[in-house]
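*Asks:* got a sequence here, can you build the structure:
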Amino acid sequence: MQYWEERGKIKIAAPAKINLFLEILGKRPDGYHEIETVMQGISLYDYIHMENRGKDVEFTCSSPKLTAGEDNLVVKAVRLFQKESGISQGVKIHLDKRIPVGAGLGGGSSDAVATLFGLNKLWQVGYDDAKLSSLAEILGSDTPFFVFGNTAVCRGRGEVVTPWKLKTPYTYIVVYPGFEVSTATVYKNFRIVLTKNLKDVTVFLQSLGSGNPEKLGAYLHNRLEEVVFRLYPELEKIKKTLAKFDFCGILLSGSGSALYGLCREERDSKKIEQQIKMLGIGDVFVVTSDFNDNAK
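*Replies:* Next up is the predicted model:
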């Protein structure tokens, strides 16, 4: 993660992610679904500001949609780090929230990892990525991905992360429709017995590594789209609207509610962004797969 340190204060850029490929392989004995997904860090960020503060934990957030209590993932990350490290030092944290909430973009998980990362720096603990990943796994299934970031194949509940080297960056336009989708409700309504023709992640990775947006667009896949569109038909309408633009592919990210379009070329993105904004179907973000692009 990118961070800036000055006079005892730390600022961390916590990136969003999109799912380029998501397959459901089965149901586990522990009740979770076994998944295989390719996550891509993108240039859309929340920002965590932190500094030492006596013995107390003070947390504030720019978004009124989020609570600032003990149930917030940032505060949970602080408590977990304190317990694991044995450090009772307090901290003051402010979350500048820019990633839409409940959108399948991983904002909460990324914020949690940014908090672990920042405390590791602020308190000079010296945990490596493997240790931070083991802590992140306690906080959520897709949380360990953000320890490594960039591009990765994630298996199990999402916590088994294998980094994957992406040589050519891609440009995407993310559309947030202005409402949240419940991940728990989506998985509750997903019927594993109806899953047929499982997609092969190896074939997908070949298209991702081609550097060719048209080839990649043909292999974008999200097994959850069907059930999400059944539960939230307005999202399917938005996808059909986006299909009128010159994208190489359009897909729901995770369990939604955000959708994204894969651009043919970066120079096309601004024109398409303005056209989509004029439709008033949601918030629009032009992003790239260059994980550290535009973080300030």
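*Asks:* for the helix or strand harbouring Phe204, what is the distance to the chain centroid?
*Replies:* With elements taken from DSSP states H and E, the one containing Phe204 is helix 201-208. Helix 201-208 has its C-alpha centroid displaced from the chain centroid by 20 Å (Cα atoms, centre = their mean, to the nearest Å).
*Asks:* going forward, begin numbering at 6 instead of 1
*Replies:* I'll keep to 6 as the first residue from here, and by that count the last item is helix 206-213.
*Asks:* buried set for the following helix or strand past that helix?
*Replies:* Sequence order places helix 218-222 as the next helix or strand after helix 206-213, per DSSP H and E. If you call a residue buried by 16 or more other Cβ atoms under 10 Å, then helix 218-222 has these buried ones: 218, 221-222. C-beta: built from backbone N, CA, C; applies to glycine.
*Asks:* and the next element down the chain from helix 218-222?
*Replies:* Heading C-terminal from helix 218-222, the first helix or strand you meet, by DSSP H and E, is strand 226-227.
*Asks:* just the terminal-to-terminal distance for stretch 153-164.
*Replies:* End-to-end distance of stretch 153-164 (Cα to Cα, to the nearest Å): 11 Å.
*Asks:* what sits against Ile277?
*Replies:* By Cβ atoms under 8 Å, 6 or more residues apart in numbering, the contact list for Ile277 reads 178, 250-252, 266, 268.
*Asks:* what kind of secondary structure is it in?
*Replies:* The assignment at Ile277 comes out as helix when based on DSSP: H, G, I helix; E, B strand; the rest coil.
*Asks:* so for it, what's the pLDDT?
*Replies:* We have a pLDDT of 95 for Ile277.
*Asks:* what does Val79 give?
*Replies:* pLDDT at Val79 comes out at 97.
*Asks:* show me what contacts it?
*Replies:* 53, 64, 66, 98, 100, 116-117, 120.
*Asks:* just give me the closest of those to Gly107.
*Replies:* Of all the contacts of Val79, Asp116 has the smallest distance to Gly107: 13.6 Å, by Cβ to Cβ.
*Asks:* from the centre of this structure, give me the residue that's furthest out.
*Replies:* Ranked by distance from the centre of the chain (Cα atoms, centre = their mean), the top residue is Gly59, with 32.3 Å.
*Asks:* make JSON lines from the contacts of Ile277 and add secondary structure to it.
*Replies:* JSON lines is the format used below for these (three-state DSSP):
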{"residue": "Ile178", "secondary structure": "strand"}
{"residue": "Phe250", "secondary structure": "coil"}
{"residue": "Asp251", "secondary structure": "coil"}
{"residue": "Phe252", "secondary structure": "strand"}
{"residue": "Gly266", "secondary structure": "strand"}
{"residue": "Cys268", "secondary structure": "strand"}
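*Asks:* so of the residues you listed, which two are at opposite extremes in space?
*Replies:* Ile178 and Asp251 (10.9 Å).
*Asks:* which residue packs closest to Ser114, ignoring adjacent ones?
*Replies:* In space, and not counting its chain neighbours, Ser114 is closest to Thr148: 4.2 Å by Cβ to Cβ, 6 or more residues apart in numbering.
*Asks:* next: Glu41.
*Replies:* Glu28 (4.8 Å).
*Asks:* in the helix or strand encompassing that neighbour, which residues are buried?
*Replies:* Assigned by DSSP H and E, Glu28 belongs to strand 14-32. Across strand 14-32, burial judged by 16+ other Cβ under 10 Å covers 15-29.
*Asks:* now the residue farthest from the centre of the chain: closest residue in space, sequence neighbours ignored.
*Replies:* Nearest one to Gly59, counting by Cβ to Cβ, 6+ apart, is Gly95 at 4.7 Å.
*Asks:* residues in contact with the one you found?
*Replies:* Neighbouring residues of Gly95 by Cβ under 8 Å, 6+ apart: 57-63.
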